[in-house]
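Peer 1: predicted model and sequence follow; I will ask about them next.
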Amino acid sequence: MTGVPALDAAVKRLMVLDQESAFALVDIVEERVRQISAEGWSPEHDNAHESGEMAKAAAAYALAPHTHKYAESECPSFWPWGQQWWKPKSMHLNRVRAGALLVAELARYFRTASKQSSDNAA
């Protein structure tokens, strides 16, 4: 599959336990790839968001199906960026975006934690 044994094993277990979750992960991964390759939101760019902005954006999109039905709607009060960046779509796409943003936030956290561990070891 991916060549990363831990990831391959986790996906294999998830396919047995809950195939729909595994398929949802495919959508999230594809959206994260799009964010990086089409939008230019690289890991280096994401590292600058140190105040939970991506987690807040993920929450906003996760809640969007219930609170914001149209792209012209105002962004939630906790939306971390300007109105021009608020672009809700369908319930499915909003939740996929939420998942991809949360993955980006977790990856940023892992990079930060890894760097701090390296700095402390030096």
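Peer 2: On my side now, so go ahead. Numbers count the residues shown, from 1 in each chain.
Peer 1: show me where the chain has its helices.
Peer 2: According to DSSP state H, the chain carries its helices in the segments 5-17, 19-37, 43-47, 53-67, 91-121.
Peer 1: what angle separates the fourth one from helix 91-121?
Peer 2: Spelled out, that is helix 53-67. 160 degrees (axes from the mean of the first three to the mean of the last three Cα atoms, to 10 degrees).
Peer 1: what is the distance between helix 53-67 and the centre of its chain?
Peer 2: Centroid separation for helix 53-67 versus its chain: 10 Å, with Cα atoms, centre = their mean, to the nearest Å.
Peer 1: which parts of it are buried?
Peer 2: 53-65 (16 or more other Cβ atoms under 10 Å). To be clear about C-beta, it is placed using only N, CA and C from the backbone, and glycine gets the same treatment.
Peer 1: and the third one, by the same measure?
Peer 2: Neighbour-count burial for helix 43-47, counted by 16+ other Cβ under 10 Å, picks out Asp46.
Peer 1: export the buried residues of helix 53-67 as JSON lines, with columns for pLDDT.
Peer 2: Formatted as JSON lines, these follow (pLDDT from 0 to 100):
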{"residue": "Glu53", "pLDDT": "97"}
{"residue": "Met54", "pLDDT": "98"}
{"residue": "Ala55", "pLDDT": "98"}
{"residue": "Lys56", "pLDDT": "98"}
{"residue": "Ala57", "pLDDT": "97"}
{"residue": "Ala58", "pLDDT": "98"}
{"residue": "Ala59", "pLDDT": "97"}
{"residue": "Ala60", "pLDDT": "95"}
{"residue": "Tyr61", "pLDDT": "94"}
{"residue": "Ala62", "pLDDT": "94"}
{"residue": "Leu63", "pLDDT": "90"}
{"residue": "Ala64", "pLDDT": "85"}
{"residue": "Pro65", "pLDDT": "66"}
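Peer 1: no further questions, thank you.
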